[in-house]
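1. I need the structure of the sequence given here:
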Amino acid sequence: YTMNADGADQRRLTFSGETDARIMDDYAFWSPDGKLIVFQRSTPVDDAERPAMQADIYLIDPSTGEETQLTTTESWDSTPSWTADGQSILFESNRPVGPDDDSRQFHIWRMRPDGSNPELIVETEGRAIEPKPAPDGRMAFTMTIRENDEDNEDVYVFDPETGEVRRITSDPARDRCPMWLGDDLIAFFSNRTGDNEIYVMRPDGSGLKRLTFDPGNDEMC
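-> Sure thing, here's the model as predicted:
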């Protein structure tokens, strides 16, 4: 759906769930020029040798409703976002990184807006998901690594100019779904207080500030 910033003029864009209630369209992200939306579509797979659901990335033109499927692999391609220059779409995928890779590990990829030239840009030992670009070209993402016999989710920043991947949260709670607010602030949600709340911090992890204090779960992605 789309709507005005005040909640008015709500308009439905996709109708895939009418053919099968298991189909889900989510993780919508506007193109920088405001003309297209990239999103994830999860569909059921009727194959005993494959997962019950499969995800691919689509584009939709809100002015016409025309959809374009960008990925068609048997992997889970999801949580797309558009780089600020409009030249690339970032996404997470567990597609193989080489002919002998059968790990099904999630890494960060990018492709052109027409779905061509998929390229691995961040390969880590952990589970890297939810990439979001900064206006200056950096990228924040969530990575899960095993620590003290538990899976720990934290926020990381990738600098394409240096290739450096830097961890900026280290709380034992779940820190997820970073989103840039300009070049100097990152918002994310965390359950470090018992339920999910929204926080902001600087890209180096400093200046942490909690924004929401609701007894429910406040999330973003």
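2. What ranges in this structure fall below the confidence cut-off?
-> Counting by pLDDT under 70, the ranges of the chain that qualify are 47-51.
3. Repeat the analysis, applying 90 as the threshold.
-> By pLDDT under 90, the weakly predicted segments of the chain are 17, 19-21, 45-53, 73-74, 97-104, 124-125, 145-152, 214-216, 220-221.
4. Could you measure from residue 153 over to residue 117?
-> 30 Å (CB to CB, to the nearest Å). Every C-beta, even on glycine, is put in place using the N, C-alpha and C of the backbone.
5. So between these two, which is more surrounded?
-> For the pair residue 153 and residue 117, the greater number of neighbours falls to residue 153 (22 against 9), based on other CB atoms under 10 Å.
6. Quick check, that one in contact with residue 141.
-> No: between residue 153 and residue 141 there is no contact under CB atoms under 8 Å: 10.7 Å.
7. got the contact list for residue 153?
-> By CB atoms under 8 Å, 6 or more residues apart in numbering, the contact set of residue 153 is 142, 143, 144, 174, 175, 176.
8. Show me the two of those residues that sit farthest apart.
-> Checked with CB to CB, these reach their widest spread between 143 and 174, with 11.8 Å between them.
9. The two - which one has more neighbours?
-> Between residue 143 and residue 174, counted using other CB under 10 Å, residue 143 has the larger neighbour count: 24 against 19.
10. nearest residue to the more buried one other than its sequence neighbours?
-> Spatial nearest neighbour of residue 143, excluding adjacent residues (CB to CB, 6 or more residues apart in numbering): residue 126 at 4.4 Å.
11. Work out for me the element residue 92 sits within.
-> Residue 92 is part of strand 89-93 when elements are defined by DSSP states H and E.
12. What's the first helix or strand after that strand?
-> Counting by DSSP H and E, the next helix or strand C-terminal to strand 89-93 is strand 107-111.
13. Which residues does that next one contact?
-> 70-71, 77, 83, 88-95, 97, 117-124, 128-129, 131, 139, 141, 158.
14. try 6 Å
-> 88-91, 93, 117-123, 128, 131, 141 (CB atoms under 6 Å, 6 or more residues apart in numbering).
15. Partner strands of the very next helix or strand once past it and their direction?
-> Using DSSP H and E, the helix or strand that follows strand 107-111 in sequence is strand 119-122. Strand pairing for strand 119-122, determined by DSSP bridges: strand 107-111 (antiparallel).
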